[in-house]
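Enquirer: what would the 3D arrangement of this be:
(chains A, B and C)
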Amino acid sequence: MDACAQKHPILILATEDCSYPGANSVGQAHQNYPDNTYIIRTPTPALFPEKFYLDCFDKGVGGIIIMSCGVECPYEGAYPALAKRLDRIYVLMKEKGLDIRRLRLTAICTVCNRAFLKEVNQMNEVIAELGAPGSEAKAA
Amino acid sequence: MSKLNSGQEAPKIGVYVCHCGGNISDHVEIDKVVEQAGGLANVAVARENSFMCSDPGQEMIIEDIEAGKVNRIVVASCAPALHEATFRGAITRAGMNPYLYEHANIREQVSWVHHGPGATDKAAALVAAAVGKAGELEPLEPIRVEAEAHATVIGGGVAGMSAARDLAAQGLNVALVEKSPFLGGQVSQLDKTFPSGEAAGELLSALAAQVLHDDRITVYTCSELAEYSGYVGSFKLKLQRTPPSGQDQERLSRIGDASPGQFLPFVGVWADQPPEASEEVELTSGAVVLATGFEHYTPPQGEYGYGDLAEVITLPELIQIMAGETGGGEQLVVNGKTVNSLALIHCVGSRQIPGIHQPAPGGTLNEHCSRVCCTASLQAACELREKFPETSVFELYRDIRTYGRGQEDYYLNAGRAGVVFARFAPEAPPRIEAGGEDSALTVTVPDQLLAGEELALGVDLVVLAVGMEPRDNQGLVDKMKLPVGADRFLLEVHPKLRPVELPAAGIYLAGTCQAPMDTSEVANAAGAAAAKAGAILSAGQVELDPFVAQIDQAKCVGSGACVEACLSDGAIEMIDTPDGKRAQVNPALCMGCGVCVAVCEQDAIELNGWTLGQYEAMVDAIVAQTAGQGAKA
Amino acid sequence: MPSNETQKFDSLVLGGGIAGLAAALDLADAGYQVAVLERDATIGGQMIRLSKVFPTLDCASCITTPKMAAAAHHPNITLFTMCRLEGAQRVDGKLEARVTQLPRYVDPDKCIGCRQCEYECPVMVDDHEQGGFTARKAIYIPFSNAIPQLALIDREHCMMCGKCSSVCPTGAVDQLQQEQEFVIQAETMVLSTGFELMTDFPQRAYGAPGLGDNVISSLQMERLLAPHGPYMRVLRPGDGKEPESIAFVQCAGSRDLQLGKPYCSRVCCMYAIKQAMLLSGALPLADLTIYYMDIRAFGKNYEQFFQNAKAMGVEFVKAKPVIAGNNPDGSVVLRYEDQEGGTGAVSREHDLVVMSLAMLPAFSPEEIVPVSAADDGFVMVPQPKLAPTLTEAAGIFTCGVAAGPKDIVDSIAEAGAAALGAAKYMAAKRGGQAAA
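Expert: Just a heads-up that it's a prediction; the model follows:
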C-alpha cells in the first residue's frame, strides 16, 4: 500500500438510515478495507454547503464519498437538492484545480457490502494516484 | 433539571473506551487510545472497561457525572444502533441531558475491518472526532406541540365513516365532512358486497348508525373544505356548507318520509336536514384524515359501443338493474328486452397501455388495475346464472384477479355455473357491432384460450366492468398541497414504512383516495389511519424530535434563500422584525433535512444535533490525528 | 427475561414479523404496554429474509430493520424471542398466556453478540437462513441484522466440544439451560403469526423430479438475489453454474384443488415478476420465463410494474407446467399445454426452475387460543367487511398473513387496523379513555 495514500484521509458521509448501517454490515462480515476511511453519520448529506467540502480538501482530506440513501431518501426532495449541489461543487473544485474524482456521490443500502467495498477501494486508488489534495493542480 | 443540563458550563468530556471482551482490544491497543484521548482538549477523564454496556461500565459513567467530573460523554464501542440508546439512558439516569452524548464506533468500523497498527490509529482518530463533536454539543429537548383532541375526516363513505368511528372510539372528537347530503359514498351504489354477500345497505346502515349515534362525532353534510392552515396538533379549517343543488336535490327528492339514518338504495344514508342557507364552520383539529374516495371510469362515447348502442351498459348500471329485478323469469329483462345472452368485458378504463389505449381528454391513462372489478363481474355473473338460468353469460377478460380471501370461489363457481370465459389481449380487444343472427349485438374477439381463434358471440347486452379512477380533488390538493402520484391517486410517504401518512405530519390517507381497494381493505386502511392519528392526539400533546433547524436571527439578513430551498412547505417563514425581514422556523413543520443550512450564506442556520460546527470539529480532529500519525510514520 | 412470575401487559402480539411489529409499534405509540412473542431466534419474520420488495424495489432489509430497531428500543415494547405459546384463555377478564421460553444455551444477559463462539465452532450445518445453500455453525447468530444479536446453540448438531465456552469473553455459553414456563397476562391479543411455504408441493405433485437440486422455492430465490446472499451472485445450486435460462412456475400449490390449496396466495405473481426483474439485472443474458394462470398485479403501481417487466423482455407464458424430469446437464424439463400457440403439449428446458409455492398458515390457533381457523386454515374473521381484524373472541385480533395471504403493504395496513381494534377494546373497558 502506498504510504502516501494512507496519510490522506477519506471522509465518508453516511446516512443514518442506509449507508451507516451498511458500513456496519461490512464490519459484521469482517471484510477488510483501507483504514484511512472515516465514516461520519448524518441524517442527510443535503445539509452540507459547498464550502464544507472545499474546506475539507483544504484541510487535507484526500477524498470524500457521500453515501446517501439515493432515491430511498426519507427526506422527500433532499436527494435531488443534493445532486444539484454536487454539480456546483464540481465546478468549484475544477476552479481550484482539484480532480473531481475526489468527491463522489453514491447510494449504499443497509446490506450493500460489495458496493461499499467497491466505492471505498476505488476512492483509495484515486487518492493513491492523485496524492495530496491540490497537488494535481501543481502537477498540471 | 441539574445545572449540567444548562450547557453553559465549559465542556468536561468523559471518554470511555470498551474492550468488548477482545472484540475490540484484540486489534486495537485500548491503552493507547485512552492515553491519546486523555491528552485531547476538553477531556476531563478517559477510562476503559471490558464491557461498557454492562452495569459496571454504565455505573462508571454515572459516577463520573454525579461526581461532577464530566458534563459531556463519549463512549467508544460497538455500532451505535446497538448501544447508543443504552448510554443515553444511563446519562439520563444520572440526571444529565441525553443529547450531551457522542458515540465512536470502533468495533464494526475499526476492529472488525482493520488489523495492525492502523486499527489503533483509526480508533484514536474516531475517538478524537467524537471528542471534537462532544465539545460542540448542546442539550436538546423534544419539541412539544399542544394537540387538539379533535380530528377532521374528509369524505363520508365507508372509509370516512370507519375512520370517524375509530377516532371517536379512542376518545377524540371528530368532524366528519361530506360533500353530498348523504353518507355512504360509492358503496351506496352496490347491492351486495363480496365475498360474504352482505347487503351493502345493511353494512352502510350499521356503520352510519354508529357514526350518527356517537356524541363525539359531528357530521357536516353538504360541506367542503374552504380554508386550511396550521400544522399537526392544530390545523385551522373552515368548512363551507351549501344548500344542495342539481343531482343532490334530485336525490333528496327520493327521501320521502325516511328518517335520518335510513339507507336509500343507490342513494346513500340520509344523515340530516341539509342547510337552508350557506354557512361557514370553523374548526381546530389536531389531525386530518382524507377519505375522499374514487369515481367510476366513464367510457368515452364509442368505447365498446358505449353511448352509441343502447345495449352497452356499465357494471354499476347492471347492478342497479338486477337489484330491481325480483327474478321469477327465466331470462333477464333490460329495458323491456329479453336478454338471452350477455357479455361482461373486463378492464374497461383499467390497465390501459400507452400506445394501445386512447388517453382521456386531459391526456391521462388509467394504467393501474382497479382491483375489485374482476370479483365484482364474477359476482354479477354468478348471480345472473342463478336468477336467470336461461341467460348465457360470457366473461371476456385479460387476467382474472380474484386475489382476496374467498374471492377465488366466485371464479370456480362461475365456471361451474356455466359462465363461458374468453381471454383477450389488450392489442386485440373485443369488437361490438349492432345486429346479429338472433341477437341485438355481435361481439367478436380472438380468444387466447383457443390459440387466438376468433369467437363471434351473439349477445343482447354488453356490460363494461369499468375501473376506479381518482376523484377530481384538485381544490383539496391545491389547498392542502397534497402529493399526487403518477396514477393521480393521493400519494403516501412510503408504501411500507408509512403507508397511510403524508409528508406533512398529522395528515393521513384512508381508502380509495389512495388506490383502488375493496370494502375490507378500506376498513383496514381507515383503521390504520385512525390508529396513527389516535396515537399522536390522545396524549394531548405531540412530541417531535428535537433535530430541527434553528435560525440565529442576529446573523440572518432576510435573504429568503432558506425559504426557497425548504422542502417542507411552511417550515420556514419570513417574519417582520424591527431589524427587517428575518427567517423563522416552525419546528412542527420542519422535517430536519438541513437543506436550509447548506444554502444560508450567513451561516445563520443550524440543524440541532447535527450542526456544521460539530462536523467541522470532527473533520479537524481526524485531520490532526492522521497528520500526527503520518509524522510518526 | 422470563421469570416464574406473571408478567403483565396491555397487549400480547403473537408473531414478530412485519405485521406483528407494525401492530406492536402502533399500540406502543398509543401508550399501551406490549409484549411481542416470537417463536424464532430473531424478530423480522419472513420480510427480513427477502432481497428487494415490489413494486418499489426497496431493499427489504432497509425497510424492515428500522421497524425492528424501533420495536427493540421502544420503551413500551418487550420482545420475547424463542418463545412458544402453549395456550391462552381469559381468566377474570384478562388473557392468560402460558409461554415456554426455549433454551438458547447462551445466557442472553451475558452474550454480547461478538460471534467469537461462531468463528471457533467446528461444526458446519446447512444454513436455512441462506436457503440451505451455505453452511453455518452449530452455535450462531441467525444473520447480520437479527434482533436480538444473541447467539444460540443448535443442540441437534452441537458436539459439546466446549470450544465456544472457552472463547466466549463473557462466559455466556450455558449448556444446562432448560425450557422455562412463564405466564404473560394481557387484556388484548393480536395474532400475527404469518406463513410458511408449501415446501412439499413439488414432491407431491411431480414425485422425484420435483426434488432436483435445480428446482428451488421462491424464498430460496430471494436468498440467491439478496445482496448478502449465499453466493453473493446468482448461481444454480445443483452445480454452481450461472443459469442461462430461468423459469418461474406460478400457482405451485395455490389455486389447485387436487394437490394444493384452492386459494390464491396473492403475492406470487408480483414476487416472480420482481425476481425476474432483479435477475435481468444480475444475469443480463439469461432467458426469463414466467408460467402463469392469471397475472394478478392488483396493488398500487403493481400493474405498471408488470408492464415494465414485459417491456424488459421477461417472457410470460399462460400455462400450468409440470416438472417432467431432469437432464444429465442439470437442466429441468417442463411440460405444458400451449394455450396461446395452440400447438398442444410442449416441452421446454430451463437451467433453473423457481416454484412460486403456496402460502400456508404458520400457526394453527385451535386448542391454543380461543379462536378457530376457517376452511382455508387461516384465522377466521366473522366480520370481514367492517371489522376484518376481529376474531371470534372479543379482544383478540388478527392481521397479516395469519388472516389469509396478503402482501406487505396490505399486511401493514391491516396491522394498523388490528392495533386500532385492540386499542378500541381497551379504551372501551377503561371508560372511553385511551392509554396515554
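Enquirer: what's near enough to touch the most centrally placed residue in chain C?
Expert: Among the residues of chain C, the one closest to the centroid is residue C:46, at 2.3 Å (Cα atoms, centre = their mean). By Cβ atoms under 8 Å, 6 or more residues apart in numbering or on different chains, the contact set of residue C:46 is C:17, C:18, C:194, C:195, C:219. Yep, even glycine has a C-beta here, placed from its N, CA and C like the rest.
Enquirer: got phi/psi on the residue of the stretch 251-400 of chain C found nearest chain A?
Expert: Nearest residue of the stretch 251-400 of chain C to chain A: residue C:282, at 12.0 Å (Cβ to the nearest Cβ). Backbone dihedrals for residue C:282, given as degrees, to the nearest 10, come out at phi -70, psi -40.
Enquirer: these two touch, right, it and residue C:232?
Expert: No. Taking contacts as Cβ atoms under 8 Å, residue C:282 lies outside contact range of residue C:232: 10.6 Å.
Enquirer: how about residue 121: what's its closest non-neighbour residue?
Expert: Defaulting to chain A. For residue A:121, ignoring the flanking residues on the chain, the nearest one in space by Cβ to Cβ, 6 or more residues apart in numbering or on different chains is residue A:33 at 6.6 Å.
Enquirer: wait, chain C was what I had in mind.
Expert: Here the residue nearest residue C:121, using Cβ to Cβ, 6+ apart, is residue C:137, at 3.8 Å.
Enquirer: tell me what the one you found is bridged to.
Expert: residue C:124 (DSSP bridges).
Enquirer: that one: neighbour count?
Expert: Neighbour count for residue C:137, taken as other Cβ atoms under 10 Å in any protein chain shown: 23.
Enquirer: contacts only, for the residue of chain A found nearest chain B.
Expert: Chain B sits closest to residue A:47 of chain A, with a gap of 2.7 Å, by Cβ to the nearest Cβ. Residues near residue A:47 by Cβ under 8 Å, 6+ apart: B:593, B:594, B:595, B:597, B:598, B:607, B:610, B:612.
Enquirer: okay if I get the residues you listed as CSV plus pLDDT, neighbour count and secondary structure?
Expert: Converted to CSV, the contacts of residue A:47 look like this (pLDDT from 0 to 100; neighbours: other Cβ atoms under 10 Å in any protein chain shown; DSSP: H, G, I helix; E, B strand; the rest coil):
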residue, pLDDT, neighbour count, secondary structure
B:593, 91, 30, coil
B:594, 93, 32, coil
B:595, 93, 25, helix
B:597, 95, 25, helix
B:598, 94, 25, helix
B:607, 96, 24, strand
B:610, 95, 19, coil
B:612, 95, 22, helix
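Enquirer: and the longest helix for chain C?
Expert: helix C:408-429 (DSSP state H).
Enquirer: what's the pLDDT at the residue of chain C positioned farthest from its centre?
Expert: Distance from the centre of chain C peaks at residue C:343, with 39.7 Å (Cα atoms, centre = their mean). Looking at residue C:343, its pLDDT reads 87.
Enquirer: likewise for the one 5 residues further on?
Expert: We have a pLDDT of 96 for residue C:348.
Enquirer: can you check residue B:120 too?
Expert: The model's pLDDT for residue B:120 equals 96.
Enquirer: any idea which element it lies in?
Expert: helix B:117-135 (DSSP states H and E).
Enquirer: now that helix, how far from the centre of its chain.
Expert: In this view, helix B:117-135 has its centroid 41 Å away from the chain centroid, taken as Cα atoms, centre = their mean, to the nearest Å.
Enquirer: so is it next to chain C?
Expert: No. Helix B:117-135 lies out of reach of chain C by Cβ under 8 Å from any Cβ of the partner chain, never closer than 15.9 Å.
Enquirer: good, we can wrap up now.
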